[in-house]
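Chemist: sequence and predicted model, in that order:
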Amino acid sequence: GFGWSNGSFTVKRAIVCLILISLAVLVCSDQDYYLLGVSKDASSREIRQAFKKLALKLHPDKNPHDPDAHKFLKVNRTYEVLKAENLCKSMTNTGKRASRISSKDSIYESWNFYRYDFGIYDDDLEIVTLGRGEFDGAINSGELWLINFHSPWCSHCHDLASTWREFAKEMEGLIRIGAVNYGDDRILCRSQGINSYPSLYIFKTGMNPDLSDFAMQYVSSTVTELWTGNFQRLMETDHASVGWLITFCINTGDCLSSQTYLKLAGMLEGLIIRSWIFILHGVARVRVLPLTLKGSPGWLKVK
């Protein structure tokens, strides 16, 4: 980052919040929270859930002849205000508030978007949807996090959703399962170098690298490299009945390290029937192959 810090306050975070507020608001009022039906200490998840409920009810696509369709625009702008305000409260812990909503109409999506694509993990208690205000605190908490960076406009992300929910339930209490929505937090995704969706990343802080290397000596998981000479035989004959997790990468440095593959294999022990991760090199175009979690079909790709 840049600039100096004074306690928990940083120049960078102050500038980010100033930009966010100037784009959407001057400050929030109690009426904004009342309009969405949430309390002033509502979480990001609660704000999204409340907005989605109102969006599905008031959206112009559902009320094409309603003379009061402008109500949806007000709700939409209010959501943007509270989202920005919630982010700033998380980042700076300041007490500044806004006084009015910008008069400029905000951009909104179709009704189908809010119904099927918006906040797809907000009803799943085992999955924590992380924004910029929560992300740093989560990954620096010392806990092990597996985070799904997804996009609402990505079909494979929706294919993965049911499997991700099943996986989160299986791993509850063992590791923390998170999700970051590119549609809501493009800056966060870009700051983490995410350029394809879905992408799954493991985060763990405070672990001594030497201790990690020592522990990995006792991980018995197997990682097998696929190539044209063994691909068909392994896929169709030798291990046709097992669930597989396959990552595709090219030989130009974008592949995960061998230790990361072993960590993934160990974490997925019991979910993939034989807990094998197969890697295919030299393929530039990413394909997603089926993964079975204890008999439940789904899809999973790991970057």
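Modeler: Structure's in. What do you need?

Chemist: what segments of this structure are helices?
Modeler: Applying DSSP state H to the chain gives helices spanning 11-24, 30-36, 44-58, 70-92, 111-112, 132-139, 155-171, 186-191, 209-216, 231-233, 258-267.

Chemist: what would those look like in CSV with distance to residue 119, mean neighbour count and mean pLDDT?
Modeler: All C-beta spots, glycine's among them, are computed from the backbone N, C-alpha and C. Below are the helices of the chain laid out as CSV (distance: least, Cβ to Cβ, whole Å; neighbours: other Cβ atoms under 10 Å; pLDDT from 0 to 100):
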stretch, distance to residue 119, mean neighbour count, mean pLDDT
helix 11-24, 19, 16, 53
helix 30-36, 14, 17, 74
helix 44-58, 5, 18, 85
helix 70-92, 11, 20, 74
helix 111-112, 14, 14, 78
helix 132-139, 15, 18, 89
helix 155-171, 12, 19, 90
helix 186-191, 16, 14, 92
helix 209-216, 35, 10, 62
helix 231-233, 39, 11, 77
helix 258-267, 26, 18, 74
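
Chemist: a markdown table please, covering these and showing distance to residue 249.
Modeler: Below are the helices of the chain laid out as a markdown table (distance: least, Cβ to Cβ, whole Å):
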| stretch | distance to residue 249 |
| --- | --- |
| helix 11-24 | 33 |
| helix 30-36 | 43 |
| helix 44-58 | 33 |
| helix 70-92 | 34 |
| helix 111-112 | 34 |
| helix 132-139 | 23 |
| helix 155-171 | 16 |
| helix 186-191 | 19 |
| helix 209-216 | 21 |
| helix 231-233 | 15 |
| helix 258-267 | 11 |
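
Chemist: and of the ones you listed, who's closest to residue 120?
Modeler: helix 155-171 (5.7 Å; Cβ to Cβ).

Chemist: may I have the closest one as CSV, with CA atoms only?
Modeler: Only the C-alpha atoms of helix 155-171 are listed here, as CSV (Å, rounded to 0.1, in the frame of the first residue of the first chain):
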residue,chain,number,x,y,z
SER,A,155,-22.4,-20.0,-16.2
HIS,A,156,-19.7,-22.3,-14.7
CYS,A,157,-20.0,-20.3,-11.4
HIS,A,158,-23.7,-21.3,-11.2
ASP,A,159,-22.8,-24.9,-12.2
LEU,A,160,-20.5,-24.9,-9.2
ALA,A,161,-22.9,-23.4,-6.7
SER,A,162,-24.7,-26.6,-5.6
THR,A,163,-21.4,-28.4,-5.2
TRP,A,164,-19.9,-25.5,-3.2
ARG,A,165,-22.9,-25.6,-0.9
GLU,A,166,-22.5,-29.3,-0.3
PHE,A,167,-18.8,-28.9,0.2
ALA,A,168,-19.3,-26.1,2.7
LYS,A,169,-21.7,-28.3,4.8
GLU,A,170,-19.2,-31.2,4.7
MET,A,171,-16.3,-29.0,5.8
